[in-house]
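# make a model of this:
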Amino acid sequence: MRSSAQAPAAEASPRNVLDVERLSVAYGKVLAVRDVSLHVAPGTIVTVIGPNGAGKTTLLAAIAGLLPAQGVIRCFGEAAWPWPVEERVRRGLVLVPEKRELFASMSVADNLQLGGFARRRERGGEALLADVYARFPRLAERRDQLAGTLSGGERQMLALGRALMAAPKLLLLDEPSLGLAPLVVRDIFSIIATLRQTGVAVLLVEQNARAALQVADYGYVLETGELALEGPSASLASNPRVAETYLGQAGKGDRGA
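Alright, predicted model coming up:
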């Protein structure tokens, strides 16, 4: 599933869709994320992997504007701090949360329409909806079905489709494989890989390191709130420490590489 696209440079650039520099997030006196810097170039998939409790979800929430933080966040070349959440969505920064947060008592179609709420004054909503249904035929078949009655894989498809209704330039995905069967995970990650073709950049937070590194161009390893490693995905996948800790492979060579 790996793209032939060039891996994004691990440095700030005015061309990047996202530059995060020395970001720190605290819950009271507990520092959950400490001095994290990362970058996402247009049309690329960048992943953040790490164990439970590493701060991955906190990192995405801060970038999305849901948590206060210290440091620098630039989206599409501009400082994002002044933007409220709705403005971030309108400008193209869209989060798919870990628990999907669907409206269970509403239909698939209504959930999708709500995804485009920030762009309700713009034209093109019908084209976006048609594109989502073309990308997720199962959602088209179930457009009148209540979201709460969908399977786990279908709910993840709906969460992705709802996000695409906002016409994102940068999609933040939080644990899209959570709770899904292996075959469904494969399908979801195949769909994520195709987003490159639309020009959408993806920042993917994922505990399934193997799947994440297969689909991503570049990766970061977050441990106890700090970046431990970074590099092109192929390099991370072959790193003995990553292989042993996150891919379930026996380490070879220098464990501290």
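
# which SS class is Leu183?
What DSSP: H, G, I helix; E, B strand; the rest coil gives for Leu183 is helix.

# so how far is Thr198 from Leu67?
Remark: distance between Leu67 and Thr198 (Cβ to Cβ, to the nearest Å) = 28 Å. For every residue, glycine as well, the C-beta is placed using N, CA and C.

# which residues in the chain form helices?
For the chain, the helices defined by DSSP state H cover 56-64, 85-91, 108-115, 125-135, 137-141, 152-164, 182-194, 209-215, 233-238, 240-246.

# before we move on, back to that, could you check which of Leu67 and Thr198 has the larger neighbour count?
The residue with more neighbours, out of Leu67 and Thr198 and counting by other Cβ atoms under 10 Å, is Leu67; that gives 17 against 12.

# so the more buried one sits right up against Leu59, yeah?
No - applying Cβ atoms under 8 Å as the test, Leu67 and Leu59 come out as separate, 9.2 Å apart.

# shared neighbours, those two?
Val25 (Cβ atoms under 8 Å, 6 or more residues apart in numbering).

# contacting residues around the residue nearest the centre of the chain?
In the chain, the centroid-proximal residue (Cα atoms, centre = their mean) is Leu173; its distance is 2.3 Å. Taking Cβ under 8 Å, 6+ apart as the contact definition, Leu173 lies against 96, 160, 192, 202-206.

# swap in Asn52?
So Asn52 contacts Gln207 (Cβ under 8 Å, 6+ apart).

# for Glu226, name its beta-bridge partners.
The partner list for Glu226 in beta bridges (DSSP bridges) reads Glu223.

# so how far is Leu158 from it?
In terms of Cβ to Cβ, Glu226 sits 34 Å off from Leu158.

# of these two, who's got more company?
When Glu226 and Leu158 are compared for neighbours, Leu158 comes out ahead with 25 against 16, by other Cβ under 10 Å.

# let's have the contacts of Leu173 in JSON lines, adding distance to Phe136, pLDDT and neighbour count.
Listed next are the contacts of Leu173 as JSON lines, based on distance: Cβ to Cβ, whole Å; pLDDT from 0 to 100; neighbours: other Cβ atoms under 10 Å:
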{"residue": "Val96", "distance to Phe136": "13", "pLDDT": "93", "neighbour count": "23"}
{"residue": "Leu160", "distance to Phe136": "7", "pLDDT": "93", "neighbour count": "24"}
{"residue": "Ile192", "distance to Phe136": "12", "pLDDT": "92", "neighbour count": "24"}
{"residue": "Val202", "distance to Phe136": "16", "pLDDT": "97", "neighbour count": "25"}
{"residue": "Leu203", "distance to Phe136": "21", "pLDDT": "98", "neighbour count": "27"}
{"residue": "Leu204", "distance to Phe136": "18", "pLDDT": "97", "neighbour count": "27"}
{"residue": "Val205", "distance to Phe136": "21", "pLDDT": "95", "neighbour count": "24"}
{"residue": "Glu206", "distance to Phe136": "20", "pLDDT": "92", "neighbour count": "26"}
